[in-house]
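Asker: With the input below, show me the fold.
(2 chains)
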There are 2 protein chains.
Amino acid sequence: MKQQLELVSDNRCFDGQQKVYAHDSAVLNFRMKFAIYIPDNLEGPAPVLYHLSGMSCSEQTFIQKTGYQRWASHYGIIVVSPDVCPRVTYGVEKNEIEAKGLSFYVNAVKKPWNKNYQMYSYVNEELPSIIQENFNVNKDRQSIMGHSMGGHGALISALKNPGKYRSVSAFAPVCNPSKSSDIQFIFKCYFGDDEKAIEEWDATCLVTNYKGPELNILIHQGNDDQYKEQLKLQNFASACEKAGIAVSINVEDRFDHGFYFISSFIEQHFHHHSKFLCDS
Amino acid sequence: MKQQLELVSDNRCFDGQQKVYAHDSAVLNFRMKFAIYIPDNLEGPAPVLYHLSGMSCSEQTFIQKTGYQRWASHYGIIVVSPDVCPRVTYGVEKNEIEAKGLSFYVNAVKKPWNKNYQMYSYVNEELPSIIQENFNVNKDRQSIMGHSMGGHGALISALKNPGKYRSVSAFAPVCNPSKSSDIQFIFKCYFGDDEKAIEEWDATCLVTNYKGPELNILIHQGNDDQYKEQLKLQNFASACEKAGIAVSINVEDRFDHGFYFISSFIEQHFHHHSKFLCDS
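Answerer: All right, here's what the predicted structure looks like:
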């Protein structure tokens, strides 16, 4: 049965429509929003690129602050950008997870988080199904990208689903969360002290055992990124090298972690994905 | 004596720096913020483009939501975008002017507004002086643009200062405020019932008596603009035609009043200004 989608907004942007929908998510047990950009004049089922945002963002941030629609329209790619977490409140005190939307795109095991914080399944299963049912997309042509926490989400999604995404890219991704002191408290909320479980949601750990088709990874990070120490890009780069996995890593002089950085290099990311999504 | 500028933020964006400064404005009797984008590799004093934002905006909105830095960097133009009003509070009840920043870029005459709401003088005199003292700009190469209320501000600034700006452009400008029912209450706050005074701050009235060099006006408006009835673009177009003043007016199918509209056509506005600012 087709999911009921509620159109929240619909704005003309470049040569296409930037829309936002709300819907009841079965996986998350919560009402969610996602943004979708649909270029004009698509010929048949279109390639689709999923974008995952970082902490303190919503489905609005990427669509308002990066100007990506110029490139989505140029290459004829449908772009889907969901909210970063279910906006549920458990009444947990001093709850940074709820306040900043720190879903980390994993499936939580521990209470109370396990009831709604199943963003990995939402992003990789339920949301693509909804998109395929309601929009004219080619399910064999999908890629994924993200920023910061969402960059981590994109990398683990590609690594845990060999062949599902034709390419993956990230701006300043969290690369090795099991080794990042500021992030461990979140994983403890979701998984307790089970270190093995935590490694299953860590791109640097996952890449070591990756078996599957070429991943086609593109990463940009600013050299002045204020969270550089927590991102641990070098650990990921080393693990890729050891595993013989190609990755294009670009560290950009003077850029920081924010949206000015993303808007400056979004063209390169769309060009990257277009090579794998739009070939004939 | 050089004005003391406080650097509030400094972010790398495309090939340049997006900065925000705070300073004490003598004209406004208040501390103000403005944004300035400085492209790399400028050769000598650079052309400067002033951007005036619309209601409910601040110095942050244009710099975060339009991606204009790509084009400022491309053409080598310094761009200055001030906050839309002094953030003073008079304790006036149900004060839409303070809540939405409805300065309208005029010099208010009536109390209490006349003490701080002198945005016309700020934008056309004090701010350019500060920019010229503190940055390497060419004061003979300046232009002005704006959105909505800020489009009105840009048009009246160009019309009231023949020869000061080499070109002027506007997205969905308020063109004929003395004939817009929703806007008249604002002008009454600033000028009382003095209709003659109000006409001196109305682009459609001003254009009728304009004497001076070519204005080089570019205007874009969305055909689905939700405020179309209040903007009165047709009145301005007719007045220009009657006065023999050339204006390029572009009504864009399916676009509305918001920032997706601006980001879609910002390239054209920078191209327009570059023709008058960057020729040798």
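Asker: where in the stretch 51-200 of chain A is pLDDT low?
Answerer: Scanning the stretch 51-200 of chain A for pLDDT under 70 picks out the ranges A:94.
Asker: Mind telling me which residue of it is nearest chain B?
Answerer: Closest contact between the stretch 51-200 of chain A and chain B, by CB to the nearest CB, is at residue A:67 (3.5 Å). Where you see a C-beta, it was placed from the backbone N, CA and C, and this is true even at glycine.
Asker: Surely residue A:7 and residue A:19 touch.
Answerer: Yes - because the distance of 6.5 Å satisfies CB atoms under 8 Å, residue A:7 is recorded as touching residue A:19.
Asker: what about the helices in chain A?
Answerer: A:61-65, A:69-75, A:96-100, A:119-121, A:127-134, A:149-160, A:181-191, A:195-199, A:203-208, A:228-231, A:233-243, A:259-277 (DSSP state H).
Asker: Throw these into TSV and include mean neighbour count and distance to chain B, thanks.
Answerer: Formatted as TSV, those follow (neighbours: other CB atoms under 10 Å in any protein chain shown; distance: least, CB to the nearest CB, whole Å):
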stretch	mean neighbour count	distance to chain B
helix A:61-65	22	6
helix A:69-75	21	7
helix A:96-100	16	19
helix A:119-121	21	26
helix A:127-134	17	21
helix A:149-160	27	18
helix A:181-191	17	22
helix A:195-199	14	33
helix A:203-208	22	26
helix A:228-231	17	14
helix A:233-243	17	18
helix A:259-277	21	4
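Asker: and those helices as TSV, adding distance to residue B:138?
Answerer: TSV is the format used below for those (distance: least, CB to CB, whole Å):
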stretch	distance to residue B:138
helix A:61-65	31
helix A:69-75	30
helix A:96-100	45
helix A:119-121	52
helix A:127-134	51
helix A:149-160	41
helix A:181-191	47
helix A:195-199	58
helix A:203-208	49
helix A:228-231	38
helix A:233-243	42
helix A:259-277	26
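Asker: Can you give me the neighbour number for residue A:224?
Answerer: 15 (other CB atoms under 10 Å in any protein chain shown).
Asker: With adjacent residues omitted, what lies nearest to it?
Answerer: residue A:256 (5.0 Å; CB to CB, 6 or more residues apart in numbering or on different chains).
Asker: quick one, what contacts the nearest residue to residue A:113 once chain neighbours are set aside?
Answerer: Leaving aside its chain neighbours, residue A:113 sits nearest to residue A:190 (5.4 Å; criterion: CB to CB, 6+ apart). Residues in contact with residue A:190 (CB atoms under 8 Å, 6 or more residues apart in numbering or on different chains) are A:104, A:106, A:108-110, A:113-114, A:117.
Asker: And these, which is closest to residue B:25?
Answerer: residue A:104 (44.6 Å; CB to CB).
Asker: Just name the closest of the contacts of residue A:190 to residue A:158, please.
Answerer: Checking these one by one against residue A:158 (CB to CB), the nearest turns out to be residue A:106, at 14.7 Å.
Asker: Just give the number of residues close to the closest residue in space to residue A:158 that isn't next to it in sequence.
Answerer: In space, and not counting its chain neighbours, residue A:158 is closest to residue A:168: 3.9 Å by CB to CB, 6+ apart. When neighbours are defined as other CB under 10 Å, residue A:168 has 28 of them.
Asker: So residue A:168 sits against residue A:154, correct?
Answerer: Yes - counting by CB under 8 Å, residue A:168 does reach residue A:154; the two are 5.4 Å apart.
Asker: Need the overlap of contacts for the two.
Answerer: Contacts common to residue A:168 and residue A:154, judged by CB under 8 Å, 6+ apart, are A:144-145.
Asker: Next one: the residue of the stretch 51-200 of chain A closest to chain B relative to residue A:18, how far apart?
Answerer: 11 Å (CB to CB, to the nearest Å).
Asker: So if I had to pick from these two, which one is more boxed in?
Answerer: Between residue A:67 and residue A:18, residue A:67 has the larger neighbour count (other CB under 10 Å), namely 26 against 23.
Asker: Spit out the contact partners of that one.
Answerer: So residue A:67 contacts A:263, A:266, B:66-67, B:70, B:263 (CB under 8 Å, 6+ apart).
Asker: Now it: closest residue in space that isn't a chain neighbour?
Answerer: Closest to residue A:67 by CB to CB, 6+ apart is residue B:67, at 3.5 Å.
Asker: Just want the most central residue of chain A.
Answerer: residue A:52 (2.6 Å; CA atoms, centre = their mean).
Asker: Quick check: bridge partners of that residue?
Answerer: residue A:146 (DSSP bridges).
Asker: Residue A:107 too?
Answerer: Under DSSP bridges, the beta-bridge partners of residue A:107 are residue A:118.
Asker: Touching, it and residue A:121? I think so.
Answerer: Yes - with contact defined as CB under 8 Å, residue A:107 counts as touching residue A:121 (5.7 Å).
Asker: Might one say that residue A:79 is in contact with residue A:37?
Answerer: Yes - under the criterion of CB under 8 Å, residue A:79 makes contact with residue A:37 at 4.5 Å.
Asker: Now for those two: what residues contact both?
Answerer: Joint contacts of residue A:79 and residue A:37 (CB under 8 Å, 6+ apart) are A:68-69, A:72.
Asker: So which of these is the closest to residue B:180?
Answerer: residue A:69 (31.0 Å).
Asker: Just list the residues touching the closest one, thanks.
Answerer: Contacts of residue A:69 (CB under 8 Å, 6+ apart): A:13-14, A:16, A:18, A:37, A:63, A:79, B:260, B:263-264.
Asker: Now tabulate the residues you listed in CSV and tack on distance to residue B:195.
Answerer: Output for those, formatted as CSV (distance: CB to CB, whole Å):
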residue, distance to residue B:195
A:13, 40
A:14, 42
A:16, 45
A:18, 42
A:37, 47
A:63, 44
A:79, 51
B:260, 37
B:263, 38
B:264, 38
